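Engineer: from the sequence below, what's the structure:
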Amino acid sequence: MPWLLKRIGTALILIWIVATIVFLAIRLVPGDPAELLLSQGGVAPDPAAVAELHEQLGLDRPFIVQYGDNLRRLAQGDLGRSLQDDSPVVTEIARRLPRTLELIAAAALFAIVTGIPAGMLAALRRGGWLDWLALANSSLALSVPVFVTGTLLVLVFAQWLHWVPAGGYVPLARDPIAHLTLLTMPALAIGLGLSATVFRMTRAAVLDVAQRDYVRTARAKGVHPTRILARHVLRNALMPVVTVLALHLGSLLGGTVLVEYVFNYPGLSGLLVEAVNARDYPTVQAVVLVISVLFVALNLAVDLLYAALDPRVRHA
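Structural biologist: A predicted model of the protein is given here:
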């Protein structure tokens, strides 16, 4: 329990630091944020409009008051209002975030289901033709940019074979089949490279753990190879795999922009790009904060998974 409380406390401190950095980012850059937001084509904005935006964003109040008010609103779940239509930013984020999370989860599932078994098999057949073939495929998957992979998927499966639509989004409740069909290609575009990363890390980790003394001892005692693989090798090899996978998933929270653009998928990254283009400062701030908080939460989940895989972590 003390270990868990320590991890949760660390996560809360990180979230506070992230919220502070996001708050300071727009206020410490040179120039007036309101003027930057209202400037169009190099033409100076109307002073009255600048003053009105100052009041709307709270920039006319003392700095420490702005900071305290910002933390209070965040604690209440208030992420501000969009400058484009004056709607609550949290409403649009709540609508788009599940789509991006679903896309990342589908890509991660594909990477885990394909990458871990392939990595184990390649390690067990090290130096064989299967190992070399898998390494070659993983190198190809890692070398091709995700937008190229997405474009090729659209070209082959949508334009040539006409198996699936080129892109778009349909809510799950409206049409589950169409929803899953439209989710498949963007998830594959992300998952292919992620699977190659998981494969390489699994292969390296299995090869490393297989040479440990406790594995050799188990073999010398005549323990069945399947039991050695499942109980001693795989369980210990999964820890670095989990670390790499978590880091990649965290980066994907704000890095699915190109995939969402190629497949016209209305996710959170697309909202961030739209807000930047529209100079919608409250939306940009809110999306960056949400992505950062999710990254911290993901790392907390990894710590908890570590403890489940290796109980010694709880006493570290």
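
Engineer: the helix or strand containing residue 48 packs against which elements?
Structural biologist: Per DSSP states H and E, residue 48 falls inside helix 47-57. In terms of contacts (3 or more Cβ pairs under 8 Å, 6 or more residues apart in numbering; DSSP states H and E), helix 47-57 is packed against helix 33-38. The way it works is simple: take the backbone N, C-alpha and C, and place the C-beta from them, glycine included.

Engineer: can you pull out the helices in the stretch 201-316 of the chain?
Structural biologist: Applying DSSP state H, counting those that start in this stretch to the stretch 201-316 of the chain gives helices spanning 213-220, 225-227, 235-252, 257-262, 268-277, 281-309.

Engineer: just the mean pLDDT for the helix holding residue 48, thanks.
Structural biologist: Mean pLDDT, computed over helix 47-57, is 76.

Engineer: now that helix: buried residues?
Structural biologist: Judged by neighbour count (16 or more other Cβ atoms under 10 Å), helix 47-57 contains these buried residues: 50, 53-54, 57.

Engineer: make TSV out of those residues and add distance to residue 261.
Structural biologist: What follows is the buried residues of helix 47-57, written out as TSV (distance: Cβ to Cβ, whole Å):
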residue	distance to residue 261
50	33
53	29
54	34
57	29
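
Engineer: before we move on, back to that, the helix holding residue 48: how far from the chain's middle?
Structural biologist: Mean-position distance between helix 47-57 and its chain equals 35 Å (Cα atoms, centre = their mean, to the nearest Å).

Engineer: C-terminal to the helix or strand where residue 105 lies, what's the next element?
Structural biologist: Residue 105 belongs to helix 89-124 when elements are defined using DSSP H and E. Under the assignment DSSP H and E, the closest C-terminal helix or strand after helix 89-124 is helix 129-143.

Engineer: so which elements touch that following helix?
Structural biologist: helix 89-124, helix 176-209.

Engineer: about what we covered before: which one of the helices of the stretch 201-316 of the chain lies closest to residue 170?
Structural biologist: Ranking the helices of the stretch 201-316 of the chain by proximity to residue 170 (Cβ to Cβ) places helix 257-262 first, at 15.1 Å.

Engineer: what packs against that closest one?
Structural biologist: With contacts defined as 3+ Cβ pairs under 8 Å, 6+ apart, helix 257-262 has these neighbours: helix 89-124, helix 146-153, helix 176-209, helix 268-277.

Engineer: residues in contact with the shortest one: which ones?
Structural biologist: Outside of helix 146-153, the residues that reach it under the criterion Cβ atoms under 8 Å, 6 or more residues apart in numbering are 185-186, 188-190, 192-193, 258-259, 261-263.

Engineer: hmm, which two among these are most spread apart?
Structural biologist: Spanning the widest gap among the contacts of helix 146-153 are 192 and 261, at 17.6 Å by Cβ to Cβ.
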